[in-house]
Every structure is written in C-alpha cells, then in structure tokens.
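**Student:** Mind folding the following:
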Amino acid sequence: MKKFLLFLFLTLFIVSCGGGEAVKPEKETPQTQEPKKEEVKKEEPKKEEIAKVEPKKEEPKKEEIPVFNTAKFFQDNAFKIIVSGFKTNQSRIESAGMKSINDAAKKIDILSEMLKKSGFSGKITLYIDGHTDQIGSEQRNDALSLERAENVIETLKTKIKDTSFFEFQSNGLGYKELLLKASPKNEKNRRVEIYIKK
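**Tutor:** Have a look, this model is predicted:
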C-alpha cells in the first residue's frame, strides 16, 4: 500500500512540473517554421520575372532621313541627254529621238526616287534647249528650235513616272550654239538637249 501511494505521488509530481508539456513544443516548432521558409522561396522567382520584362519596354531608335546631296548625284551621274534625228525645218520627233527621250525618262525616274527617300520638298529645273542648223533665217530657226524643245517636253512628261519634283523650262536657241561649227548645215546641229544645271 505504501508503495502504491509513493508511485501516485511521484506521478502527480512529474505531471505538475510540466514534464509532459516539455516534449510537445519541440515537435510543434519545426512544423510551424518550415512552411514560412517555403513561402519566402516562392516569392523570389516572381521578382526576377518582373526584372526580365522591364528591358523590353525600351523604345526603338528612329531612323534618320538622309539629306539629298545634289553635288554628289551629279558627280556620279552625268545628266545631259541629246535628242537628235530631226529633219530639216521639222519639229517632229523621229524614232532615234524617242530612244533618247526614253533614256532621259529613266534617269529622271531614278532621281525622283532618290528625292522621295531623302524627304526633298523643293523643285529641280529640267532645261530643254532646242537647236537648229544654219539653214534658213535666224527668226525661223529661233521659232523652230523652241517648237522642238516644247515637243520634247510634252513627250518626256508622258514617260516620267512622277513629275512633281520637276519644273520644265524650254528654250529656243536657233543656230546660236552649233554642235559642229565647222559644218553649220550638218544634221547633228538639229537637236534638243535635256540637262540639269549643277
């Protein structure tokens, strides 16, 4: 009986000192702390993803429009075309002259494209000078040379794709500027010159 009472007393003493509760917090504390560490690890990759997206917001650089360099164009492209093959006392353009007009139109179209790309907004003057041989009077040849120049302008305008950059100036010079001065009646003097001044 004394042994039983002593056993009960010892058991009650141990329980009252909290011996049973001391084991519980050791098991509970690691369970509560572990999920907190996992939550922090999940948040970190989200911050990295945001940082990766930010550089994509940079605006693209604007392309600079090149300025048209007239001097360089004429240095690389000699622009003077002669329309020949006119008959005596005639202003009608013959087949040989049409080839020259087509060549002039192609060159002018190239120039027009260059002007568009450069943002050019002005006007370039195309000079069309008519010439004659020395057959006939000076007055008649002046009028005839102007007719030839104006016929070439009308035909040239139908061949050029875009005439908006150009002004056309016709001149009738008669036989004042012979191509072959030693042979004033030669057919090569009967011509129209298309050119742009540098």
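**Student:** C-alpha from now on. contacts and neighbour counts both.
**Tutor:** Will do.
**Student:** wait, isn't D133 in contact with L180?
**Tutor:** No. Assessed by Cα atoms under 8 Å, D133 is found out of contact with L180, at 9.2 Å.
**Student:** Please enumerate the shared neighbours of those two.
**Tutor:** Counting by Cα atoms under 8 Å, 6 or more residues apart in numbering, the shared contacts of D133 and L180 are N186, K188, N189.
**Student:** nearest to N151, of those residues?
**Tutor:** N189 (17.1 Å; Cα to Cα).
**Student:** looking at this protein, which helix or strand does the model trust least?
**Tutor:** helix 24-53 (a mean of 51; mean pLDDT, DSSP states H and E).
**Student:** Just put the shared contacts of D133 and L180 in CSV and tack on pLDDT and secondary structure.
**Tutor:** Shown next, in CSV, are those (pLDDT from 0 to 100; DSSP: H, G, I helix; E, B strand; the rest coil):
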residue, pLDDT, secondary structure
N186, 96, coil
K188, 95, helix
N189, 97, helix
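**Student:** A strand includes Y127, no?
**Tutor:** Yes. Assessed with DSSP: H, G, I helix; E, B strand; the rest coil, Y127 lies in a strand.
**Student:** ok, it - contacts?
**Tutor:** F168, Q169, S170, N171, E193, I194, Y195, I196, K197.
**Student:** Show me just the buried residues among those.
**Tutor:** F168, S170, N171, E193, I194, Y195 (16 or more other Cα atoms under 10 Å).
**Student:** Secondary structure element for the fifth one, which one?
**Tutor:** Spelled out, it's I194. When elements are assigned from DSSP states H and E, I194 belongs to strand 191-195.
**Student:** In the sheet, which strands lie alongside that strand, parallel or antiparallel?
**Tutor:** Strand pairing for strand 191-195, using DSSP bridges, gives strand 80-84 (antiparallel), strand 124-131 (antiparallel).
**Student:** circling back: if we take the contacts of Y127, which one ends up nearest to E138?
**Tutor:** Distances from E138 to the contacts of Y127, taken by Cα to Cα, are shortest for N171, at 14.7 Å.
**Student:** Does the closest one lie in a helix or a strand, and which?
**Tutor:** strand 166-172.
**Student:** Show residues contacting that strand.
**Tutor:** Counting by Cα under 8 Å, 6+ apart, 123-131, 142-147, 149-150, 153 sit against strand 166-172.
**Student:** With that, I have no additional questions.
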